[in-house]
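**Q** Structure for the following, please:
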Amino acid sequence: MILVEPTAGTGGPRPAARRAFTIGKMPPVDHAAKTSVMTDGYREAINRNVSVAPMLDWTDRHCRYFLRGFSPDLLLYTEMVTASAILRGDREKLLEYSSEEHPVALQLGGCEPDYLAASARYGAEWGYGEINLNCGCPSDKVQKGAFGACLMNEPDLVADCVAAMCEAVDLPVTVKMRIGTLRSNRRDLDEAVQRFDEADYDKLCDFLVAVRAAGADCVIVHARRAVLGNWSPADNREIPPLRYDIVRRLKEDFPDMPVVLNGGLKTVAQSLEALDWADGVMLGREAYHRPMVLGEIYAALDEAAAAFDPAAPRVPYRPLTVAEHLERMAEYAEREMIKGERLPAITRHLLGLLSHTPGAREYRRMLSEGAREPTAGPELILRAAELATAA
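**A** This next block holds a predicted model:
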């Protein structure tokens, strides 16, 4: 596990007086009342054990359909869609998805409670199972819109946004957040980005108190600070240290608040270790570049469940093979191309399916270059499946 040791004063339980004060500000919220959603006429429980993060330009509807092949329980998220785009743009295109993607959550970007409430209503009408507010993206473009990670500095405004969405829909409303923010123009930035003291933790707790009191059903915490200003998204992924210990402490101090861990998770061992204390794990780039890790995690969870209670009735988990995933996606591509979709829009999400094995480079070349040929069709994916089987 990538884990940074706590700096002085940040480890262990919080002082009892502070903990009582913090939790005392939080009225009880009935999470059970909003843990299932209506999907095509039946109730479907949301399982937060494993999810894939919303990723701009990556987790579109084709990617989500592909990822659904790893487990019916995997919780998927859309790319971030701004509330203003839903209200003023091509709503059908922005919200389109396949019913086979369920359970799937809609991530919204914005900072205006009325816009977010109206967009959440559209999300509910379209059948999404959860509404998520983005308070974690550090990109300049998002900051210019006054939403994303910069909202971590506006807990009262975020609370108003969450309350408005909770009032608008009878669905779980969740918040994706960071453990804090810093400005890139600080003179002591190199030192500050490595430090996380009691004042930082108190600010994080105040944010959680605000969104919890407003009705948030779960927080998804990226275990890094976001540096706002001229840092790129890549800088924000690589330079601020991962602080899983801070997220764990947050869960210990707020045990009734569902907390999902996000940030830097790449392996089965990391995920299982986090699930010992977190309510779920959310994988990002690793799930896109090496999606078979999802099958590995579900296989390990299935093995652990069987060992814990061998007599319990269950359906054993059987992951699809690479070839079976590709055959499934060839059928999907055939349906989508009849509707006018371009093959490269689908195959680009399949490149990581075969990796670190003989033939992987040829497989990627076949899909990436072959899909651009004017006559290419679903049979290209089937040829890739044959190549994967031979490898």
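**Q** the strands in the stretch 101-250 of the chain, which residues?
**A** Assigned by DSSP state E, counting those that start in this stretch, the strands in the stretch 101-250 of the chain fall at 104-109, 130-135, 173-183, 218-228.
**Q** With mean neighbour count, distance to A117 and mean pLDDT added, can I get the ones you listed in TSV?
**A** From N, CA and C alone the C-beta is placed, and that goes for glycine too. What follows is the strands of the stretch 101-250 of the chain, written out as TSV (neighbours: other CB atoms under 10 Å; distance: least, CB to CB, whole Å; pLDDT from 0 to 100):
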stretch	mean neighbour count	distance to A117	mean pLDDT
strand 104-109	26	10	98
strand 130-135	26	10	98
strand 173-183	23	10	95
strand 218-228	25	19	95
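**Q** E369 is nearest to which of the ones you listed?
**A** With respect to E369, and counting by CB to CB, the nearest of the strands of the stretch 101-250 of the chain is strand 104-109 at 30.9 Å.
**Q** for the closest one, packing partners?
**A** Packing partners of strand 104-109 (3 or more CB pairs under 8 Å, 6 or more residues apart in numbering; DSSP states H and E): strand 76-77, strand 81-82, helix 83-88, helix 113-125, strand 130-135.
**Q** closest one to S98 among those?
**A** Nearest to S98 among the helices and strands packed on strand 104-109 is strand 76-77; the distance by CB to CB comes to 11.0 Å.
**Q** neighbouring strands for that closest one, and are they parallel or not?
**A** Paired neighbours of strand 76-77 in the sheet (DSSP bridges): strand 104-109 (parallel).
**Q** list the buried ones in stretch 302-309?
**A** Of the residues in stretch 302-309, D302 count as buried by neighbour count, 16 or more other CB atoms under 10 Å.
**Q** who's in contact with that stretch?
**A** The contact list for stretch 302-309 (CB atoms under 8 Å, 6 or more residues apart in numbering) reads 272, 312, 314, 316-317.
**Q** Now do it, average pLDDT.
**A** Mean per-residue pLDDT for stretch 302-309: 92.
**Q** gap between it and the chain center?
**A** Computed by CA atoms, centre = their mean, to the nearest Å, the chain-centroid distance of stretch 302-309 equals 26 Å.
**Q** C-alpha coordinates for that stretch, CSV please?
**A** Extracted in CSV, the C-alpha atoms of stretch 302-309 (Å, rounded to 0.1, in the frame of the first residue of the first chain):
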residue,chain,number,x,y,z
ASP,A,302,-15.6,-13.9,-3.6
GLU,A,303,-12.9,-16.1,-2.2
ALA,A,304,-12.9,-14.1,1.1
ALA,A,305,-16.7,-14.4,1.3
ALA,A,306,-16.5,-18.2,0.8
ALA,A,307,-13.9,-18.5,3.5
PHE,A,308,-15.8,-16.4,6.0
ASP,A,309,-19.1,-18.4,5.7
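**Q** please begin residue numbering at 754 from this point
**A** With the count now opening at 754, the last piece we talked about shows up as stretch 1055-1062.
**Q** center of this protein, which residue is that?
**A** In the chain, the centroid-proximal residue (CA atoms, centre = their mean) is A806; its distance is 2.3 Å.
**Q** Out of the helices and strands packed on strand 857-862, which is the most enclosed?
**A** Mean neighbour count (mean count of other CB atoms under 10 Å) peaks for strand 883-888 among the helices and strands packed on strand 857-862, with a mean of 26.
**Q** That strand relative to strand 971-981, how many degrees between them?
**A** 20 degrees (axes from the mean of the first three to the mean of the last three CA atoms, to 10 degrees).
**Q** residues contacting the closest residue to A1113 other than its chain neighbours?
**A** Sequence neighbours aside, L1107 is the residue nearest to A1113 in space, at 4.8 Å (criterion: CB to CB, 6 or more residues apart in numbering). Shown in contact with L1107 (CB under 8 Å, 6+ apart): 1075, 1113, 1116-1117, 1141, 1144.
**Q** Out of those residues, which comes closest to R1095?
**A** R1117 (18.2 Å).
**Q** element containing the closest one?
**A** Assessed by DSSP states H and E, R1117 sits inside helix 1113-1123.
**Q** C-terminal to that helix, what's the next element?
**A** Next along from helix 1113-1123, by DSSP H and E: helix 1132-1143.
**Q** for that following helix, which positions count as buried?
**A** The neighbour-count criterion (16+ other CB under 10 Å) identifies 1133-1138, 1140-1141 as the buried residues of helix 1132-1143.
**Q** how distant is that helix from the center of its chain?
**A** 30 Å.
**Q** Fine by me, thanks again.
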